Structure formats: C-alpha cells, structure tokens
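A.B. asks: starting from these lines, generate the structure:
(one chain, ligands or ions: 2)
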Amino acid sequence: MTDRSMPFDLAGKRIFVAGHRGMVGSAVVRRLQTEDCEILTAGREVLDLRDQAATKAFFDRNRPEVVVLAAAKVGGILANDTYPADFLYDNLVIETNVIGAAFQAGVRKLLFLGSSCIYPKFAPQPIPEDALLTGALEPTNEWYALAKIAGIKLCDAYRKQYGADFISAMPSNLYGPGDNFDLRTSHVLPALMRKAHEAKLAGARSLEVWGTGTPRREFLYVDDLADALVFLLKHYSEPGHINVGTGEDVTIRELAELICRTVGFEGELVFDSSKPDGTPRKLMDVGKLSAMGWRARTSLPEGVAKTYQAFKDSLR
Ligand SMILES: NC(=O)C1=CN([C@@H]2O[C@H](COP(=O)(O)OP(=O)(O)OC[C@H]3O[C@@H](n4cnc5c(N)ncnc54)[C@H](OP(=O)(O)O)[C@@H]3O)[C@@H](O)[C@H]2O)C=CC1
Ligand SMILES: C[C@H]1O[C@H](OP(=O)(O)OP(=O)(O)OC[C@H]2O[C@@H](n3cnc4c(=O)[nH]c(N)nc43)[C@H](O)[C@@H]2O)[C@@H](O)[C@@H](O)C1=O
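C.D. replies: Ligands and ions are numbered 1, 2, ... in the order given. The predicted structure is shown next:
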C-alpha cells in the first residue's frame with residue numbers, strides 16, 4: 001500500500017509516456033531522462049490508442065507502473081472548430097482506453113493532461129480550479145473541452161471507487177520546440193512565428209493575424225510544463241485537477257509584436273476579424289501549484305527566442 005503523504009518515488013519505475021513524439025510528450029521524455037527511471041514509448045504506427053484491445057494488450061505485455069497521458073487529438077482554434085467529431089471522438093476514446101487499461105493493469109500513478117479550455121467561456125479571472133462546470137463552454141472548442149472534462153472525471157471516478165492514484169493537470173496554452181507549425185491546424189504562437197518568418201524572407205509589408213488581437217492568452221514554455229508534470233507525479237495525489245501556468249497573460253496583439261521583434265519582421269499587423277477570437281481571456285489561477293512550491297522559470301521573450309531557434313533548426 002502506497003503512503004500518499006510521502007512523495008511518490010519515480011526511481012526504478014517503468015513509465016509509459018503516451019504521445020512521446022508530440023510537443024509535450026517529447027518534453028516529458030527529456031525531463032524524465034534526468035530521473036532514474038525506465039521510459040517506455042510506443043508510436044502510433046505500433047499502437048493506435050483508439051484501439052481498445054491493442055491498448056489493453058500493450059499494458060498487459062509491458063506492465064508500466066506510471067503513465068503520463070500526453071497523447072491526444074490537438075489543434076488550434078480553427079482545427080477545433082472544423083473537426084468537432086474528431087476532437088470529441090478521438091479524445092474520448094484515447095482517454096477511456098488508456099485510463100481503463102492502466103487501471104486494469106494495476107498502474108500505480110497516472111497523470112492525465114487536460115487544458116485550460118475546460119473552463120466556462122466567461123469564467124472569473126484568474127480561473128480557479130473550482131470554476132469547472134459552472135457555465136457554458138466556448139463554442140469553438142466545446143467538443144475537445146467536453147472530452148477533456150470526461151478525462152478528469154474518469155480519473156476522479158477511479159480514485160473514488162477504487163482508490164487509484166490518477167491525477168489531472170490543466171496546462172495553459174503551450175509552446176516550444178516540437179510545436180505544430182502547420183498554419184491550418186496550429187495554435188497561435190507557432191502560426192504567427194511561421195508567418196513572421198516567411199513574411200520577413202519574402203520582404204512582405206504585412207502579416208495577417210486572425211481575430212481582433214484583443215483576446216488574452218497565458219503561454220507556458222513546454223519544458224517548464226514537463227518539469228511541473230514530474231513535480232506533480234511526485235507530490236500531487238488528490239481528487240480534482242490542478243492548474244499549471246505562469247500566472248501571466250498577454251493580448252494576441254502583444255504576442256504578435258513580440259514574435260515580430262524576435263524574428264526581425266518590421267511590417268505591419270493586419271487583423272482579420274472574420275476569423276474567430278474564441279475565449280476572450282483564460283488566465284488560470286496557479287495559486288494551488290505555487291503553494292506546493294512549483295513555479296514556471298522561462299519568460300515569454302526567452303521561450304519565444306528558444307522556440308524560434310528550434311523552428312529555424314528544423315528547417316535545415
Ligand atoms: N499544445 C497546447 O497548447 C496544449 C496541449 N495540451 C494537452 O497536452 C497534451 C499533448 O499536446 P501536444 O503535445 O501539444 O500535442 P501534439 O499534437 O504535439 O502531440 C500529440 C501526440 O499524441 C499522439 N496521438 C494522437 N492520437 C493518437 C492515437 N490515436 N494513437 C497514438 N498516439 C496518438 C500523436 O502521435 P503522432 O505524432 O503519431 O500524431 C502525438 O505524439 C494533450 O493532451 C493536449 O490536450 C493542453 C493545453 C495546451
Ligand atoms: C490550447 C487551446 O487552444 C485552442 O484555443 P485558443 O487558445 O483559442 O487557440 P489558438 O492558439 O488557435 O488561438 C488563440 C487566439 O489567437 C488568434 N490567432 C491570431 N492569429 C492566429 C493564427 O494565425 N493561428 C491561430 N491558430 N490563431 C490565431 C485566434 O483567433 C485566437 O483568438 C483550442 O483549440 C483549445 O482547445 C485549447 O486547448
């Protein structure tokens with residue numbers, strides 16, 4: 001029987017990082033490589049996590065002791081709005097398959113990743129954890145948000161019914177090396193970085209920014225997230241999710257200006273208000289995590305500079 005008042009010891013544990021080639025999963029693998037543990041991975045070509053029987057067989061065969069669930073159908077505002085069925089179905093199925101198989105295989109600790117979009121569109125700011133399910137969701141991503149809420153509740157249900165040590169972390173908007181730079185499916189930060197880079201190379205005079213530029217977003221550098229997730233694996237063992245962010249946000253216009261300065265693009269910003277703004281603001285209250293002793297270390301300018309370097313390296 002695990003004593004939950006003591007930190008959970010990762011030493012010697014076999015840890016399955018689901019989604020290890022994604023932006024978050026690869027950062028978690030980098031961070032876990034500094035711990036004395038065994039990392040287990042399986043690419044989608046060998047294990048499609050939407051396949052329940054294959055997922056169960058993988059757990060039975062490999063017997064991980066810890067799971068970080070960083071596999072999901074992920075995308076920016078337009079992708080979420082365009083493919084609602086995929087975002088709802090894939091995420092529900094991946095979560096139920098992985099969390100259910102982990103329980104059946106006796107996994108000792110599982111960390112599920114949600115997102116700040118689980119909160120109501122007009123939640124109080126900064127958003128405390130208990131704002132969940134207190135109001136209507138943002139329509140552009142309600143499908144993905146509903147799946148993420150189901151994942152949190154499934155972890156809580158296994159804890160309540162069976163005492164499983166399954167926890168959930170809610171990150172703010174993330175960015176960093178390994179991000180998706182496809183303009184149709186990406187989030188705002190990599191999209192604007194790529195647009196600014198290409199506009200600079202082309203000598204363009206302007207750069208298109210979707211929406212009005214007034215929405216506010218909180219951006220967390222992915223290696224800081226990975227550090228927080230390892231901290232939570234060791235120290236968090238409670239029902240209910242926990243917010244992970246920086247506690248600071250910027251407008252999309254401010255983000256675009258920062259990216260243009262970093263890239264060296266000096267043209268003007270043109271706002272396309274036919275594109276959706278989405279949630280007006282989603283700054284999370286990170287008081288619970290701060291009180292436990294964790295905080296983000298990478299400032300937004302520093303993280304954007306590192307991400308731009310990684311983006312340029314990926315083009316070589
Ligand atoms: N990016 C962000 O801003 C935020 C992300 N999050 C959460 O963090 C987690 C990771 O996101 P992120 O790293 O950005 O996303 P990515 O798209 O970069 O990575 C997702 C990973 O999941 C894998 N995957 C997806 N579907 C399947 C499947 N059916 N079977 C097996 N593997 C699959 C992908 O594999 P493949 O490479 O083969 O496609 C990929 O490795 C998600 O839970 C997301 O909701 C939360 C808040 C913000
Ligand atoms: C992480 C989070 O990510 C998503 O929510 P989002 O924060 O609204 O997503 P986003 O990063 O795509 O946009 C943020 C803001 O930026 C504006 N914007 C400007 N110009 C571009 C642009 O070129 N591309 C994009 N994608 N957005 C742009 C855009 O119009 C919006 O106002 C959800 O999928 C949700 O499910 C989720 O979890």
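
A.B. asks: buried residues in stretch 266-277?
C.D. replies: 269, 271, 276-277 (16 or more other CB atoms under 10 Å). Every C-beta, even on glycine, is put in place using the N, C-alpha and C of the backbone.

A.B. asks: widest-spaced pair of those?
C.D. replies: Maximum pairwise distance in these, criterion CB to CB, is 17.5 Å, between Leu269 and Pro276.

A.B. asks: got the buried residues for stretch 147-165?
C.D. replies: 147-159, 164-165.

A.B. asks: now it, how far from the centre of its chain.
C.D. replies: A distance of 18 Å separates the centroid of the chain from that of stretch 147-165, by CA atoms, centre = their mean, to the nearest Å.

A.B. asks: for it, what does the pLDDT average out to?
C.D. replies: Computed over stretch 147-165, the mean pLDDT rounds to 98.

A.B. asks: secondary structure class for Leu111?
C.D. replies: When classified by DSSP: H, G, I helix; E, B strand; the rest coil, Leu111 comes out as strand.

A.B. asks: any idea how many residues pack against it?
C.D. replies: Per other CB atoms under 10 Å, the neighbour tally for Leu111 reads 23.

A.B. asks: contacting residues for it?
C.D. replies: Contacts for Leu111 (CB atoms under 8 Å, 6 or more residues apart in numbering) come out as 66-69, 166-169, 229, 232-233.

A.B. asks: got the confidence number for the nearest residue to Met292 once chain neighbours are set aside?
C.D. replies: Residue nearest to Met292 in three dimensions, not counting chain neighbours: His235, with 6.0 Å by CB to CB, 6 or more residues apart in numbering. Predicted confidence (pLDDT) for His235: 98.

A.B. asks: same check, this time on Met6
C.D. replies: 86.

A.B. asks: just the CA trace of the helix or strand where Ala54 lies, in PDB.
C.D. replies: In this assignment (DSSP states H and E), Ala54 forms part of helix 52-62. The C-alpha coordinates for helix 52-62 follow below in PDB (Å, rounded to 0.1, in the frame of the first residue of the first chain):
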ATOM      1  CA  GLN A  52      -9.100  -0.700 -27.100                       C
ATOM      2  CA  ALA A  53      -7.900  -4.300 -27.500                       C
ATOM      3  CA  ALA A  54      -4.500  -3.200 -28.700                       C
ATOM      4  CA  THR A  55      -4.200  -0.700 -25.800                       C
ATOM      5  CA  LYS A  56      -5.100  -3.300 -23.200                       C
ATOM      6  CA  ALA A  57      -2.700  -5.800 -24.700                       C
ATOM      7  CA  PHE A  58       0.100  -3.300 -24.700                       C
ATOM      8  CA  PHE A  59      -0.500  -2.600 -20.900                       C
ATOM      9  CA  ASP A  60      -0.700  -6.400 -20.200                       C
ATOM     10  CA  ARG A  61       2.500  -7.000 -22.100                       C
ATOM     11  CA  ASN A  62       4.600  -4.100 -20.800                       C
END
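
A.B. asks: return the distance of that helix from the chain's centre.
C.D. replies: For helix 52-62, the distance to the chain centre is 24 Å (CA atoms, centre = their mean).
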